[in-house]
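Asks: what follows is a protein structure lacking sequence information:
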Ligand SMILES: CC(=O)N[C@H]1CCN(c2c(Cl)cnc3[nH]c(-c4cn(C)nc4C)nc23)C1
């Protein structure tokens, strides 16, 4: 029957928590394992337990936003989207039970690669998975708005997981972070501050593919730290983004460059839709069946 299965009520006592995996400014994530219940069932389930302090949420008045985002993420089910299994709270903290991604954070893994570059095969496979996960999110009318290596995780077997840390760990500092956050992935329409739609994720996807293959993003803003140079750099970067002023290094695969060009279109309406990304020759070369996967999943626009 379609009777709504009540989500199990969790409490912290049902977990054994391990080390903190990262110290986000506004929350911490611990590796955790569920304890078996009295009948000896349900033990040993590994997850990532994310803590948010209520006092931070109240101070930044984001509790409503977090509740909305949790409701959305609870209903998302896709192999390339990090699962949110449940949530619970005690008097001072909110706990999110998230899927554990065994290989960790994409940007950290990239920092260990030679030149921060993936091979063409690795980048191609990640591209197919990213198109699949994004198509699923867009079919649920979820615009990510913050696609970048910092918000991607990698599971066993190099499965890419889109994780939306933006609203959770960073949300309380969101305004500050966006104000001084990196411009690298920001599309022209967000720089112009005009209304934007799901195509902002397509632009960021183009930036991401470039960075996977080159090791640096095309409008690299060289995050400088002294104020006035920082301001001039940012102004220069914004100008380059608005004009679509970027170029490919000589080693860049022409077919991959073609795909990146079709995503980094100034006019959001001209960016290649995800069903076409999945059918692009360079993607099919490395992930031949992503289009069929997404079609059979029923979340591709029937264009
Ligand atoms: C700074 C910060 O908060 N980091 C959080 C982000 C998400 N989070 C994880 C989340 Cl939410 C889920 N799975 C993870 N796996 C890992 C990880 C695995 N290894 C080998 N190393 C790490 C790290 N991290 C996560 C860790």
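Replies: Cool, got the structure. For clarity, every value in this text was computed on a predicted model and none was experimentally measured. Numbering: from 1, shown residues only.

Asks: quick check, distance from stretch 189-208 to the centre of its chain.
Replies: Taking Cα atoms, centre = their mean, to the nearest Å, one finds the center of stretch 189-208 at 14 Å from the center of the full chain.

Asks: equivalent analysis for stretch 53-73, please.
Replies: 19 Å.

Asks: tell me the average confidence for the strand or helix carrying residue 230?
Replies: Element membership for residue 230 (DSSP states H and E) is helix 227-243. What helix 227-243 shows for mean pLDDT is 88.

Asks: which other helices and strands does that helix contact?
Replies: Counting by 3 or more Cβ pairs under 8 Å, 6 or more residues apart in numbering; DSSP states H and E, the packing neighbours recorded for helix 227-243 are helix 188-191. For every residue, glycine as well, the C-beta is placed using N, CA and C.

Asks: quick one: average confidence on the helix or strand following the helix it packs on?
Replies: Remark: after helix 188-191, the chain's next helix or strand is helix 199-214, criterion DSSP H and E. The average pLDDT within helix 199-214 is 97.

Asks: do the same with stretch 78-93
Replies: On average, stretch 78-93 scores 94.

Asks: and what of stretch 125-137?
Replies: 97.

Asks: what lies in contact with it?
Replies: 76, 78-81, 118, 143-144, 147, 152, 158-162, 201, 205, 208-209, 212, 259, 274-275, 277-278, 282-283, 286-287, 290, 293-294, 297, 299-300 (Cβ atoms under 8 Å, 6 or more residues apart in numbering).

Asks: please repeat the previous calculation with a cut-off of 6 Å.
Replies: Outside stretch 125-137, the residues that touch it by Cβ atoms under 6 Å, 6 or more residues apart in numbering are 78, 80-81, 160, 162, 201, 209, 274, 277-278, 283, 286-287, 290, 294, 299-300.

Asks: and stretch 138-151, by the same measure?
Replies: Counting by Cβ under 6 Å, 6+ apart, 106, 107, 110, 163, 165, 166, 185, 198, 201, 204, 299 sit against stretch 138-151.

Asks: which residue is the nearest non-sequential neighbour of residue 8?
Replies: Spatially, and ignoring its direct neighbours in sequence, residue 8 is nearest to residue 86 (6.8 Å; Cβ to Cβ, 6 or more residues apart in numbering).

Asks: buried ones among the contacts of stretch 125-137?
Replies: 78, 80-81, 160, 162, 201, 209, 274, 277-278, 283, 286-287, 290, 294, 299-300 (16 or more other Cβ atoms under 10 Å).

Asks: just those residues that are near the ligand?
Replies: Among those, not one lies near the ligand by Cβ under 6 Å from any ligand atom.

Asks: ranges for the strands of the stretch 1-150 of the chain?
Replies: Remark: strands assigned in the stretch 1-150 of the chain by DSSP state E, counting those that start in this stretch are 15-24, 27-34, 46-53, 84-89, 93-98, 104-105.

Asks: hey, which of the ones you listed is tucked in deepest?
Replies: Among those, ranked by average contacts under mean count of other Cβ atoms under 10 Å, first place goes to strand 93-98 (a mean of 22).

Asks: so where's the stretch 51-200 of the chain uncertain?
Replies: For the stretch 51-200 of the chain, the stretches with pLDDT under 70 are 165-181.

Asks: can you name the residue of it nearest the ligand?
Replies: The stretch 51-200 of the chain approaches the ligand most closely through residue 104 (3.0 Å), counting by Cβ to the nearest ligand atom.

Asks: I'd like to know how far that residue sits from residue 112.
Replies: 10 Å (Cβ to Cβ, to the nearest Å).

Asks: next: residue 161.
Replies: As judged by Cβ to Cβ, residue 161 and residue 112 stand 18 Å apart.

Asks: so for those two, which residue has more residues nearby?
Replies: Neighbour count, other Cβ atoms under 10 Å: between residue 161 and residue 112, residue 161 has more, with 23 against 7.
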